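Peer 1: what's the 3D shape of this:
(2 chains)
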There are 2 protein chains.
Amino acid sequence: MTPAETSAGAAAGATPTTPAESSAGAEARARIRAGFTGPTSGMAPGLVQANLIAVPADWAFDVLLFAQRNPKPCPVIDVLEPGRVESALAAGSDLRTDLPRYRVWEDGQLTAEVDDASSVFADHPDLVSFLIGCSFTFEADLARARIPIRHQEAGRNVPMYRTSTACRPAGRISGDMVVSLRPIPAAQVAEAVRITDRFPAVHGAPVHIGDPAALGIRDLDAPDFGDSPVIESGDVPVFWACGVTPQVAIAESAPPFALTHSPGRMFITDAPESDYRQ
Amino acid sequence: MTPAETSAGAAAGATPTTPAESSAGAEARARIRAGFTGPTSGMAPGLVQANLIAVPADWAFDVLLFAQRNPKPCPVIDVLEPGRVESALAAGSDLRTDLPRYRVWEDGQLTAEVDDASSVFADHPDLVSFLIGCSFTFEADLARARIPIRHQEAGRNVPMYRTSTACRPAGRISGDMVVSLRPIPAAQVAEAVRITDRFPAVHGAPVHIGDPAALGIRDLDAPDFGDSPVIESGDVPVFWACGVTPQVAIAESAPPFALTHSPGRMFITDAPESDYRQ
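Peer 2: Residues are numbered from 1 along each chain as shown, chains lettered A, B, ... in the order given. Presented below is the predicted three-dimensional model:
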């Protein structure tokens, strides 16, 4: 990923604000449709961002049950019935084109990465799409509290790790939890917990603070998804449950077909984060 | 229902306590297996109670999606895969025998009411069972705050009403929301809101306070389910979303088969309410 590919630069210098216009989501989606392929951290701050997992209708119950049993990594914010592509959370949206990048999975194997999923939906007309809240959503609130978002500052994708923590299985689906990492200055960790705890629909409070080994993470510099972290002196590693978790479950459980977002490249809704703040 | 049929007498005079022993749930279920058929309000105070809806596997996705889209009336606390009858929330439990009374639905018609569902599960081996949190759960907390539980004091079932508020449809399932009524002294209404708001998994804060007509309820004395209310002078009618909502949806949506609890006659888990308090 080149710096130009990410949206981080746009947000890093500016003071995050609540979305000035209701069109911020539509504008972000239009930019993505027009070819933007980078991570979406920092885009349309204040709007809810979402992970995507779409499976054939025959697998939809298993996925929804997996999410219901694992609400921390898989908080469902919308479900689109077979073949539907417009989310109720974003008028005029189109899941076929409105994510920067997609991953195509066949029998649990990642077989392609594409920037447009129109042909995928055409070839698989019974896909049920699940939108799962993303922790990018609460980054605006963290920034407002002057908590540094290291990956945004560095123009990188957030680092994500597969853990050794098993999710609760559901039907034919099982897999380990994935977490995202934000290194946070020690004095601000408690505030980061307090802020993110208000947002259970986008993963809520951290699942782990300070001990990567306890999560089965051996090398922070070698994330399983995204870019390597920027860790400043005095930072504590803080881990949030991550919506990439279903992708590990797909690799493990091998449904005949699945479509997901590419890690860090989310669907941007029109829903203000405040709708999901408790 | 005779007074002897209800458990209300046991709780009305006593100060509700947190469950003294972990066996309180098992004892309540044993009592029910042994023939108790009354409402469960006031039984095993401090333990989570649950509504039941079970449908053939082919309808399970629609039901789970309906619940996901209507979390206020349908907060799912457990889902049992096809044919399973022991809930993860109650070791040694058996959904075939551990509810006081069941309703059998065929093509949307209520065709039978039974006290034992063993033959139902035998005849329908692919039933997927959903447990939905019940507002009986937070009655112990209300009582601890000295908020009167009128139906318990009177030895009656809680009154429940079908409203004119449509739930969000999901797949083949649609229907109006059902609410339970607790008349609360005006000075204590705010406290009742504050207490129940902490329990989103058992319907949380009231959906409506003080104006039955706005919910489409014409006559408080003629509830659609349960017994007529006891309303003291100075009481305000307070309505909570109710887990009987799926039964209205079944009547409306007519799946070929469904099994539910009878209103007010719940499944008692071993889970302490504190596990679900925010």
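
Peer 1: from here on, contacts and neighbour counts on C-alpha atoms
Peer 2: OK.

Peer 1: can you pull the phi/psi pair for residue A:169?
Peer 2: phi -70, psi 160 (degrees, to the nearest 10).

Peer 1: doesn't residue A:176 make contact with it?
Peer 2: No. In this structure, residue A:169 is not within contact of residue A:176 by C-alpha atoms under 8 Å, at 9.6 Å.

Peer 1: just the element for the residue of chain A at minimum distance from chain B, please.
Peer 2: Chain A approaches chain B most closely through residue A:61 (4.7 Å), counting by C-alpha to the nearest C-alpha. Here residue A:61, judged by DSSP states H and E, is contained in helix A:57-69.

Peer 1: I'd like to know which elements that helix is packed against.
Peer 2: strand A:127-133, helix B:60-69 (3 or more C-alpha pairs under 8 Å, 6 or more residues apart in numbering or on different chains; DSSP states H and E).

Peer 1: who touches the helix or strand just after it?
Peer 2: As assigned by DSSP H and E, the chain's next helix or strand after helix A:57-69 is strand A:76-80. Identification of contacts with strand A:76-80 by C-alpha atoms under 8 Å, 6 or more residues apart in numbering or on different chains yields A:67-68, A:86-89, A:128-133, A:201, B:65.

Peer 1: are any of the residues you listed buried, and which?
Peer 2: Burial by neighbour count, 16 or more other C-alpha atoms under 10 Å in any protein chain shown: within the contacts of strand A:76-80 this picks out A:67-68, A:86-87, A:89, A:128-133, A:201, B:65.

Peer 1: distance to residue A:224 for those - can I get that in CSV?
Peer 2: Formatted as CSV, these follow (distance: C-alpha to C-alpha, whole Å):
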residue, distance to residue A:224
A:67, 21
A:68, 25
A:86, 31
A:87, 29
A:89, 30
A:128, 27
A:129, 24
A:130, 23
A:131, 22
A:132, 20
A:133, 20
A:201, 24
B:65, 31
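
Peer 1: ok, and the closest non-adjacent residue to residue A:192?
Peer 2: The shortest distance from residue A:192 to any non-neighbouring residue, by C-alpha to C-alpha, 6 or more residues apart in numbering or on different chains, is to residue A:142 (6.6 Å).

Peer 1: in TSV, list the helices and strands packed on helix A:57-69 along with distance to residue A:33 and mean pLDDT.
Peer 2: Formatted as TSV, these follow (distance: least, C-alpha to C-alpha, whole Å; pLDDT from 0 to 100):
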stretch	distance to residue A:33	mean pLDDT
strand A:127-133	18	98
helix B:60-69	28	96
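
Peer 1: output these as CSV; include the columns distance to residue B:98.
Peer 2: Formatted as CSV, the helices and strands packed on helix A:57-69 follow (distance: least, C-alpha to C-alpha, whole Å):
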stretch, distance to residue B:98
strand A:127-133, 34
helix B:60-69, 22
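
Peer 1: so which of those is nearest residue A:27?
Peer 2: Of all those, it is strand A:127-133 that lies closest to residue A:27, at 19.5 Å by C-alpha to C-alpha.

Peer 1: helices or strands next to that closest one in the packing?
Peer 2: With contacts defined as 3+ C-alpha pairs under 8 Å, 6+ apart, strand A:127-133 has these neighbours: strand A:47-56, helix A:57-69, strand A:76-80.

Peer 1: of all those, which one comes closest to residue A:246?
Peer 2: Among the helices and strands packed on strand A:127-133, the nearest to residue A:246 by C-alpha to C-alpha is strand A:47-56 (7.2 Å).

Peer 1: what angle do that closest one and strand A:127-133 make?
Peer 2: 150 degrees (axes from the mean of the first three to the mean of the last three C-alpha atoms, to 10 degrees).

Peer 1: mind exporting the C-alpha coordinates of strand A:47-56 to PDB?
Peer 2: What follows is strand A:47-56, C-alpha atoms only, in PDB (Å, rounded to 0.1, in the frame of the first residue of the first chain):
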ATOM      1  CA  LEU A  47     -20.000   7.400  10.500                       C
ATOM      2  CA  VAL A  48     -20.300   3.800  11.200                       C
ATOM      3  CA  GLN A  49     -18.100   1.500   9.100                       C
ATOM      4  CA  ALA A  50     -18.700  -2.200   8.600                       C
ATOM      5  CA  ASN A  51     -17.100  -5.500   7.700                       C
ATOM      6  CA  LEU A  52     -18.700  -7.600   5.100                       C
ATOM      7  CA  ILE A  53     -19.300 -11.400   4.900                       C
ATOM      8  CA  ALA A  54     -21.700 -12.800   2.300                       C
ATOM      9  CA  VAL A  55     -22.500 -16.500   2.000                       C
ATOM     10  CA  PRO A  56     -25.000 -18.600   0.000                       C
END
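
Peer 1: same for it, what does it pack against?
Peer 2: strand A:127-133, strand A:257-261, strand A:267-272.

Peer 1: show me which of the buried ones among the contacts of strand A:76-80 is closest to residue B:267.
Peer 2: Comparing the buried ones among the contacts of strand A:76-80 against residue B:267 with C-alpha to C-alpha places residue A:68 closest, at 19.9 Å.

Peer 1: do you have the helices of chain A handy? List them.
Peer 2: Along chain A, counting by DSSP state H, helices occupy A:8-12, A:24-33, A:57-69, A:118-123, A:139-144, A:150-153, A:189-197, A:245-253.

Peer 1: of these, which is nearest residue B:255?
Peer 2: Relative to residue B:255, the nearest member of the helices of chain A by C-alpha to C-alpha is helix A:57-69, separated by 16.7 Å.

Peer 1: pull the CA atoms of that closest one into PDB?
Peer 2: This file holds the C-alpha atoms of helix A:57-69, laid out as PDB (Å, rounded to 0.1, in the frame of the first residue of the first chain):
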ATOM      1  CA  ALA A  57     -28.400 -18.700   1.600                       C
ATOM      2  CA  ASP A  58     -27.900 -22.300   2.700                       C
ATOM      3  CA  TRP A  59     -25.100 -21.100   5.100                       C
ATOM      4  CA  ALA A  60     -26.800 -18.000   6.300                       C
ATOM      5  CA  PHE A  61     -28.200 -19.400   9.500                       C
ATOM      6  CA  ASP A  62     -24.800 -20.800  10.500                       C
ATOM      7  CA  VAL A  63     -23.200 -17.400  10.000                       C
ATOM      8  CA  LEU A  64     -25.900 -15.500  11.800                       C
ATOM      9  CA  LEU A  65     -25.800 -17.900  14.700                       C
ATOM     10  CA  PHE A  66     -22.000 -17.700  14.800                       C
ATOM     11  CA  ALA A  67     -22.300 -13.900  15.000                       C
ATOM     12  CA  GLN A  68     -25.000 -14.200  17.700                       C
ATOM     13  CA  ARG A  69     -22.800 -16.400  19.800                       C
END
